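1. Quick one, fold the following:
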Amino acid sequence: MTILDNSKLIMQDYWYNHLIPTYGHEKLKLLYTDTDSFIIEFKTDDTFKDFKNNNEQYDFSEYPKDHECYDASNKKKIGKFKDEVNG
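-> This is a model prediction of the structure:
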C-alpha cells in the first residue's frame, strides 16, 4: 500500500467515523478535498471546544502557546490532522 492509499484511508475513516457521527449530514458539508487535505464546512456552537474534546485526532503543536487548544503531544505524528491556519 502506498502513502497516498494510507492518506485516503485515514481521511475516509475521519469523515465517516468521526465527522458524520459528530455533526450529522445536515450540519456537515465537504467543500474540497485533495490528496492530504479537506476543506469542510460544519455547524457547531464552539469549533475549538469540539477540537479540544477530540484532541487525539489533531496536531495542535503550531497553535500559539497561549491558545486554548495548544498541545504538542501529537507534534509531527503521522495520521493527525492540522489546522493549516493555526487557530
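2. Give me the distance between residue 5 and residue 19.
-> Going from residue 5 to residue 19 by CB to CB, to the nearest Å gives 20 Å. Any C-beta I mention is one placed from the backbone N, CA and C, and that applies to glycine too.
3. Tell me which of these two has more neighbours.
-> Each of residue 5 and residue 19 has its neighbours counted (other CB atoms under 10 Å); residue 19 has more, 18 against 9.
4. Test my guess that the more buried one contacts residue 42.
-> Yes - when contacts are counted by CB atoms under 8 Å, residue 19 is listed as touching residue 42 (7.2 Å).
5. Mind listing the shared neighbours of the two?
-> Residues touching both residue 19 and residue 42 by CB atoms under 8 Å, 6 or more residues apart in numbering: residue 28.
6. check contacts around residue 11.
-> Each residue near residue 11 by CB under 8 Å, 6+ apart is listed here: 33, 36, 38.
7. whoops, residue 71 was the one
-> Neighbouring residues of residue 71 by CB under 8 Å, 6+ apart: 55, 58, 60-61, 63.
8. Which members of those residues are classed as buried?
-> Burial by neighbour count, 16 or more other CB atoms under 10 Å: within the contacts of residue 71 this picks out 58, 60-61, 63.
9. any chance of these in TSV, with secondary structure, pLDDT and distance to residue 83 too?
-> Shown next, in TSV, are those (DSSP: H, G, I helix; E, B strand; the rest coil; pLDDT from 0 to 100; distance: CB to CB, whole Å):
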residue	secondary structure	pLDDT	distance to residue 83
58	strand	93	7
60	strand	95	7
61	coil	95	11
63	coil	94	7
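10. can you put those residues in a markdown table and add distance to residue 15?
-> Shown next, in a markdown table, are those (distance: CB to CB, whole Å):
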| residue | distance to residue 15 |
| --- | --- |
| 58 | 15 |
| 60 | 20 |
| 61 | 23 |
| 63 | 23 |
